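Visitor: sharing a model prediction with you, sequence too.
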Amino acid sequence: MTDTTPTIPYGRLMHEAVCGVIGQVLRNVARDGLPGEHHFFITFDTRHEGVELADWLRERYPEEMMIVIQNWYDNLVVKPDGFAITLNFGDAPERLCIPFDSILTFVDPSVEFGWRFERTDDPDDPSPSDDPPSPPPSPDDTIDGASSQDAEVVSLDTFRRNH
């Protein structure tokens, strides 16, 4: 006999909570701009339903793409299910619409904050990963607002300051 007892969907609850944090941070940035040295590296699944980006970007990044929100961005609009932003790609502004559910990683290296969502086959349980998010690329590794290399997963201890 199989156990059909309902379980608490902790993965889904964590996912929704972290998406809520990301949404609130982006709403604050849309309203007030980026404070201090804050900037974001956001990796998302370009195949996810609801992702909107130019055809040439989808061809260049057929599976996932990392964007950098730092020096130049425009028209950041945050909705309950995602955000839209205009970024500069080689002097060509492009509008992207990114659902929160498509986000794979969110990193703010200025305060050593990062989150990586675990990919699962069960859309109702996107459990968080136990691994730390990939470190952000250096400015030399980014071109056109996106990462030019795949980043390695390393321990966040690498980035911690000694107090």
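Guide: All right, it came through fine.

Visitor: just for the chain, where's the confidence low?
Guide: Scanning the chain for pLDDT under 70 picks out the ranges 1-2, 119-163.

Visitor: which helix or strand lies directly C-terminal to the longest helix along the chain?
Guide: Ranked by residue count under DSSP state H, the longest helix found in the chain is helix 10-32. Moving toward the C-terminus from helix 10-32, the first helix or strand encountered (DSSP states H and E) is strand 40-45.

Visitor: helices or strands up against that following strand?
Guide: Applying 3 or more C-beta pairs under 8 Å, 6 or more residues apart in numbering; DSSP states H and E, one finds that strand 40-45 contacts strand 64-69, strand 103-108. (C-beta placed from N, C-alpha, C; glycine too.)

Visitor: so the residue nearest in space to the middle of the chain versus Pro9, what's the distance?
Guide: The residue lying closest to the centre of the chain (C-alpha atoms, centre = their mean) is Ile42, at 3.0 Å. With distances taken as C-beta to C-beta, to the nearest Å, Ile42 is found 24 Å from Pro9.

Visitor: next: Asp91.
Guide: Shown here: Asp91 relative to Pro9, a distance of 45 Å by C-beta to C-beta.

Visitor: of those two, which one has the most company?
Guide: The neighbour count for Asp91 versus Pro9, taken as other C-beta atoms under 10 Å, is higher for Pro9 (15 against 6).

Visitor: burial of Phe89, as a residue count?
Guide: Neighbour count of Phe89, defined by other C-beta under 10 Å: 18.

Visitor: my guess is it meets Leu57, correct?
Guide: Yes. Contact criterion C-beta atoms under 8 Å: Phe89 and Leu57 qualify, at 7.1 Å.

Visitor: lovely, talk soon.
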